[in-house]
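Asker: Below are the sequence and a predicted model for it; my questions follow.
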Amino acid sequence: MSARKTAAIVGGGVIGGGWAARFLLNGWDVQVFDPDPEAERKIGEVLDNARRALPALYDKALPAEGQLSFHDSMEEALADVSWVQESVPERLDLKHKIHAQINEFAPADAIIGSSTSGFKPSELNEGGDTRVIVAHPFNPVYLLPLIELVGDAAICAKAGDILRSVGCFPLTVRKEIDAHIADRLLEAVWREGLWLIKDGICTTEELDEAIRMGFGLRWAQMGLFETYRIAGGEAGMKHFMAQFGPALEWPWTKLMDVPEFTDELVDLIADQSDAQSGHMSIRALERLRDDNLVGMMRALKKSGTGAGGVLNAHEALLPTAPQGDLPVTVDRVIPQSWTDYNGHMNEAHYLEVSAQATDRFMEMIGADADYVAAGKSYFTVENHIRYLDEMHAGEAAKVTTQVLAGAGKKMHLFHSLLKADGSVAATVETLLLHMDLTARKTSVPDDPVAAALATYASAHETLPLPDGAGRHVGQRDPS
Ligand SMILES: NC(=O)C1=CN([C@@H]2O[C@H](COP(=O)(O)OP(=O)(O)OC[C@H]3O[C@@H](n4cnc5c(N)ncnc54)[C@H](O)[C@@H]3O)[C@@H](O)[C@H]2O)C=CC1
Ligand SMILES: C[N+](C)(C)CC(=O)CC(=O)[O-]
């Protein structure tokens, strides 16, 4: 993979702006070419949404943002890049023209991807010596991990490595077909929806409720076939197919046809959509969507299912730098979902951050997932939290951890929650005991864990006792 972490965005609209945010917030420099005089403003607004949402998916800090630049020529925008992403309007003639220009200026080793929703790579490359692959994203590109890759196998493999490094899920489509995989499914649902609305069976809002109150939730974590596998009950998929296969002969869909896009139909759909969502601006709807997606995707991290597994794998790649003499055990952004009616981070999440810091420190001394799977761990037996300052959504936060004592069965830690300016927002003094998970009784840790903990305890012994250590609730500060 090229060492250059610079991407060119050709076409900075809804999707190009999302690509710019995906690369930029993962530490890449981004060079944009888009003749629209409003492109810089539009991308700026997408970046505002992305900075608010993407970091909240992670329990570790993302890399420092790359540099964003706008260029008046394709040649300038493509200088020294390792990825070119084309996101111009879905017109094959325009894409051919653009890719001929890209081919002229892009470095020979650069990946050239098209965001096209439906064209095949053979169509994009027809008549020229271009080497475009389909790299089809899903809006919002900075949050949804799926990128469908279609085209040259070697280029797709290299593209997949790069996409994984910026938190995406590259899905290589085995054979090219119009609209790849996901858009064919989306098109089917959209066509049927148009018929249902045209025939007065439901409104746009009722159709959306039918999706988001039912299978839409299921699809977010298990897709279509795993869901149907469960629907077959103990008899499984074959029973499901036997029971519901015949329905494919019945008129449960009109997909053989699509309603004529008359002015009446377009007005019908548009009027109902306005009635459903017209009270919110697109940017407000986008922020609501992002908050919902972040909450759902964070929930999937616990089981590692679907997008949750992608987030966990990407998070494992993110480095955490030490802070002075103390290890940084949490380095993250406060998610919107952690704030409450007082407009700041809720008290419960200070303890959640502390628990994350303790888990990270346990990993650092070898009491990691494998250690727990072997039947040994630590249990927290006492916490003392001091709330010293508010934390707000989108705020960067670090936790440093000092070992106050670490011998025998005991592990006595002091976590300090630091704001971006280094001030202390909270402290959590926490006492843990080592446990035998089979006997459910205290036990001494394995020698390697005991030795690693003793090393930290010895190194921290020379540090001043942190302010607040040993306090009890309501203790007066010395005047
Ligand atoms: N909107 C969506 O939900 C999705 C769209 N896509 C695909 O992404 C591509 C772009 O779609 P959108 O972002 O929605 O369109 P858009 O209309 O929002 O953005 C297109 C951008 O291309 C720019 N542009 C036009 N001619 C150009 C040229 N000669 N050189 C450079 N830039 C030029 C325009 O100024 C505009 O900013 C299409 O192929 C579409 O199928 C893929 C996934 C989702
Ligand atoms: C409607 N659409 C064809 C532009 C959808 C896509 O291409 C993917 C998406 O984000 O839904």
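Answerer: Sure thing, it's come through. Ligands and ions are numbered 1, 2, ... in the order given.
Asker: pLDDT value on the residue in the stretch 351-479 of the chain that ligand 2 sits nearest to, please?
Answerer: When distances are taken as CB to the nearest ligand atom, the stretch 351-479 of the chain reaches nearest to ligand 2 at residue 394, 24.6 Å away. No exception for glycine: its C-beta is placed from N, CA and C like everyone else's. According to the prediction, residue 394 has pLDDT 88.
Asker: Over to residue 258?
Answerer: Per-residue confidence at residue 258 stands at 67 (pLDDT).
Asker: Spatially central residue in this structure, please.
Answerer: Centrality entry for the chain: nearest residue to the mean C-alpha point is residue 143, 4.7 Å, by CA atoms, centre = their mean.
Asker: That residue touches residue 57, doesn't it?
Answerer: Yes: contact status for residue 143 versus residue 57: in contact at 7.3 Å, counting by CB atoms under 8 Å.
Asker: tell me, what's touching the two both at once?
Answerer: Among the neighbours of residue 143, those also in contact with residue 57 (CB atoms under 8 Å, 6 or more residues apart in numbering) are 294, 297.
Asker: What number of residues are in the vicinity of the residue of the stretch 351-479 of the chain closest to ligand 2?
Answerer: Residue neighbour count, defined by other CB atoms under 10 Å, stands at 15 for residue 394.
Asker: Doesn't it belong to a strand?
Answerer: No: with DSSP: H, G, I helix; E, B strand; the rest coil as the criterion, residue 394 is coil rather than part of a strand.
Asker: Need the phi and psi values for residue 29.
Answerer: Backbone dihedrals for residue 29, given as degrees, to the nearest 10, come out at phi -80, psi 150.
Asker: Neighbours of it, how many?
Answerer: 18.
Asker: three-state assignment of residue 320?
Answerer: Local secondary structure at residue 320 is given as coil here, using three-state DSSP.
Asker: now the one 10 residues further on
Answerer: Here residue 330 is recorded as strand under three-state DSSP.
Asker: Return the distance of it relative to ligand 1.
Answerer: 34 Å (CB to the nearest ligand atom, to the nearest Å).
Asker: who's in contact with that residue?
Answerer: Here residue 330 is in contact with 59, 60, 353, 356, 357, 360, 397, 398, 399, 417 (criterion: CB under 8 Å, 6+ apart).
Asker: so what pLDDT did the residue nearest to the centre of the chain get?
Answerer: For residue 143, the pLDDT comes out at 95.
Asker: part of a strand, is it?
Answerer: No: counting by three-state DSSP, residue 143 falls outside a strand, being coil.
Asker: Name the nearest residue to it, sequence neighbours excluded.
Answerer: Setting aside the residues directly before and after it, residue 143 is nearest to residue 293 in space (CB to CB, 6 or more residues apart in numbering), at 5.2 Å.
Asker: what residues are up against the one you found?
Answerer: Taking CB under 8 Å, 6+ apart, we find residue 293 in contact with 53, 140, 143, 144.
Asker: Next, the contact list for the first one, please.
Answerer: When you say that, I think you mean residue 53. With contacts defined as CB under 8 Å, 6+ apart, residue 53 is in contact with 140, 142, 143, 287, 290, 291, 293, 294, 336.
Asker: you'd agree it is in a helix?
Answerer: Yes: assigned with three-state DSSP, residue 53 falls within a helix.
Asker: any idea how far it lies from residue 131?
Answerer: Taken as CB to CB, to the nearest Å, the spacing of residue 53 relative to residue 131 amounts to 33 Å.
Asker: re the thing from before, just send the contacts of residue 293 back as CSV, with distance to ligand 2 too.
Answerer: Rendered in CSV, the data for the contacts of residue 293 read as follows (distance: CB to the nearest ligand atom, whole Å):
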residue, distance to ligand 2
53, 16
140, 8
143, 11
144, 7
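Asker: List the contacts of stretch 145-152.
Answerer: Here stretch 145-152 has contacts from 120-121, 131-138, 156, 159-160, 163, 167-173, 176, 180-182, 307, 310-311, using CB under 8 Å, 6+ apart.
Asker: Which PyMOL command selects the buried ones in these?
Answerer: To isolate in PyMOL the members of the contacts of stretch 145-152 that are buried, counting by 16 or more other CB atoms under 10 Å, one can use:
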select buried, resi 120+121+131+132+133+134+135+136+137+138+156+159+160+163+167+168+169+170+171+173+180+307+310+311
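Asker: check the contacts of stretch 145-152 against ligand 1, which are close?
Answerer: On the criterion CB under 6 Å from any ligand atom, 136, 137 are the entries of the contacts of stretch 145-152 that sit beside ligand 1.
Asker: Now do the buried residues in stretch 64-81.
Answerer: By neighbour count with 16+ other CB under 10 Å, stretch 64-81 contains the buried residues 65, 66, 68, 70, 71, 74, 77, 78, 81.
Asker: do it and ligand 1 meet?
Answerer: No: using CB under 6 Å from any ligand atom, we find that stretch 64-81 stays clear of ligand 1, coming within 7.4 Å at best.
Asker: And that stretch, end to end?
Answerer: Using CA to CA, to the nearest Å, one end of stretch 64-81 lies 19 Å from the other.
Asker: and what of stretch 11-29?
Answerer: Stretch 11-29 has its terminal residues 16 Å apart, counting by CA to CA.
Asker: I'd like the average pLDDT over that stretch.
Answerer: The predicted model assigns stretch 11-29 a mean pLDDT of 97.
Asker: closest point of the stretch 151-300 of the chain to ligand 2, which residue?
Answerer: Taking CB to the nearest ligand atom, the stretch 151-300 of the chain has residue 183 as its residue nearest ligand 2, at 4.9 Å.
Asker: residues touching that residue, list them.
Answerer: For residue 183, the contact set (CB under 8 Å, 6+ apart) comprises 117, 118, 136.
Asker: hmm, 6 Å instead?
Answerer: Listed by CB atoms under 6 Å, 6 or more residues apart in numbering, the contact partners of residue 183 are residue 117.
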